[in-house]
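**Q** Task: produce atomic coordinates for the following.
(one chain, ligands or ions: 1)
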Amino acid sequence: MENRNTAPVGVFDSGVGGLTVVREIARQLPDENIIYFGDTARVPYGSKSQNTIIRFSEQIIRFLKTKQVKAIVIACNTASALALDAVRDEFDIPVMGVVIPGARAAVEATRNRKIGVVGTDATVQSGMYTKVIHEMAPDVTVIEKACPLFVPLVEEGFKEHVVTREVIKYYLESMRDTDIDAMILGCTHYPLLRSKIRDYLGEKIQIVNPAYETAMDLKELLREQNMENGGATLEHSRYAFYVSDAAEKFRMFANTVMPFDVPTTNVVNIEEY
Ligand code: DGL
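**A** So this is what the prediction gives:
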């Protein structure tokens with residue numbers, strides 16, 4: 001790679017949700033260039049099998065590598081849970097996910113050693129959050145719950161809708177009745193419902209967004225490997241957004257999430273990679 005330091009960081013997700021991770025990386029690592037890929041043609045990953053999620057992740061990593069990225073962040077919880085172990089050793093650049101940083105943040109946050117995790121069906125079925133939390137802290141009790149309707153509600157712009165309040169109650173009532181004191185938002189879309197989830201759960205449960213810790217880990221990784229893009233002036237045009245379908249819909253959504261204007265989104269035929 002010609003100049004590793006100025007090379008972009010690749011970030012990918014099954015669709016728009018990973019923008020919550022990009023937003024956090026942009027905030028904490030303002031000097032880094034980012035290439036984002038959202039797999040809008042094949043979303044959701046949360047209802048797919050592990051083999052499929054691994055195959056999709058491999059294709060996306062091959063695509064991002066054509067953009068000379070220096071490191072890759074799997075922003076998607078589902079792909080982090082089901083594909084990270086498979087792809088990490090397969091490629092010659094660092095690949096990190098959101099599950100380990102999210103689990104660590106929750107282990108640090110809990111006082112009574114009881115953590116809740118919400119995510120897609122695939123993430124919850126994989127049990128990966130529980131596994132990683134137990135590797136870090138075997139004494140912690142973990143309660144996982146799939147909340148599959150949260151993703152389409154966010155995608156449809158229903159953040160403020162009364163239906164969303166009902167769905168939050170439907171999924172999280174059992175969680176609220178436990179005595180967990182920390183809960184991981186183990187899906188990219190859920191941070192966009194954070195204030196509604198907070199209203200429902202109340203103050204006694206700390207809500208953990210893995211994006212924050214993921215950006216911190218990325219910073220550490222780039223520093224350790226001497227790959228930081230030190231002091232370059234950032235222009236947001238140095239962020240490039242790619243999708244596998246529906247570029248305009250993605251762009252409009254991106255403009256509701258990102259703190260700056262996303263002027264263009266490019267479509268890639270990801271099946272070619
Ligand atoms: N990005 C996915 C995740 O974080 C949610 C959407 C999907 O199911 O693909 O798990």
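
**Q** so where's this structure uncertain?
**A** For the chain, the stretches flagged by pLDDT under 70 are 1-2, 231-237.

**Q** what about 80?
**A** Counting by pLDDT under 80, the chain contains low-confidence ranges at 1-3, 230-237.

**Q** Run through the residues of it sitting next to the ligand.
**A** 13-14, 17, 43-46, 76-78, 119-120, 123, 151, 187-189 (Cβ under 6 Å from any ligand atom). The C-beta positions use only the backbone N, C-alpha and C, and glycine is treated the same way.

**Q** Of those residues, which belong to helices?
**A** Residues of the residues of the chain next to the ligand located in helices (DSSP state H): N77, T78, T123, V151.

**Q** re earlier: pull out the buried residues from the residues of the chain next to the ligand.
**A** Among these, the ones that count as buried by 16 or more other Cβ atoms under 10 Å are 13-14, 17, 43-46, 76-78, 119-120, 123, 151, 187-189.

**Q** Sort out which residues of the helix or strand harbouring I168 are buried, please.
**A** Secondary structure from DSSP states H and E places I168 in helix 162-176. Residues T164, V167, I168, Y171, L172, M175, R176 are the ones in helix 162-176 that count as buried (16+ other Cβ under 10 Å).

**Q** Distance-wise, check the third one relative to V43.
**A** So the one you mean is I168. 21 Å (Cβ to Cβ, to the nearest Å).

**Q** cool, and the first one?
**A** Relative to V43, T164 is positioned 19 Å away (Cβ to Cβ).

**Q** Counting neighbours, what do you get for the nearest residue to A71 once chain neighbours are set aside?
**A** With Cβ to Cβ, 6 or more residues apart in numbering as the criterion, A71 has its nearest non-adjacent residue at 4.5 Å, and that residue is P94. Neighbour count for P94, taken as other Cβ atoms under 10 Å: 18.

**Q** Count the neighbours of the closest residue to V43 other than its chain neighbours for me.
**A** In space, and not counting its chain neighbours, V43 is closest to G15: 3.7 Å by Cβ to Cβ, 6+ apart. By other Cβ under 10 Å, the residues close to G15 number 26.

**Q** Also L193?
**A** Per other Cβ under 10 Å, the neighbour tally for L193 reads 23.

**Q** quick one, what contacts it?
**A** Residues in contact with L193, defined by Cβ atoms under 8 Å, 6 or more residues apart in numbering, are F150, L153, V154, K159, T164, I168.

**Q** and what of C147?
**A** C147 sits next to V118, G119, T120, V167, Y171, L172, C187, Y190 when contact means Cβ under 8 Å, 6+ apart.

**Q** do the same with V132
**A** Contacts of V132 were listed using Cβ under 8 Å, 6+ apart, and they are V99, I100, A103.

**Q** got a list of what the second one touches?
**A** For I100, the residues meeting the contact criterion (Cβ under 8 Å, 6+ apart) are V132, D217.

**Q** Give me the distance between it and the ligand.
**A** To the ligand, I100 is 14 Å away according to Cβ to the nearest ligand atom, to the nearest Å.

**Q** Which strand or helix spans that residue?
**A** I100 belongs to helix 99-109, assigned by DSSP H and E.

**Q** What count of nearby residues applies to L84?
**A** Per other Cβ under 10 Å, the neighbour tally for L84 reads 20.

**Q** Next, count neighbours for the closest residue in space to it that isn't next to it in sequence.
**A** By the measure of Cβ to Cβ, 6+ apart, the closest residue to L84 outside its immediate chain neighbours is G97, 4.2 Å from it. Residue neighbour count, defined by other Cβ under 10 Å, stands at 28 for G97.

**Q** Looks like G97 contacts I74 (just checking).
**A** Yes. If you go by Cβ atoms under 8 Å, G97 and I74 touch, sitting 4.3 Å apart.

**Q** Fine, thanks again, bye for now.
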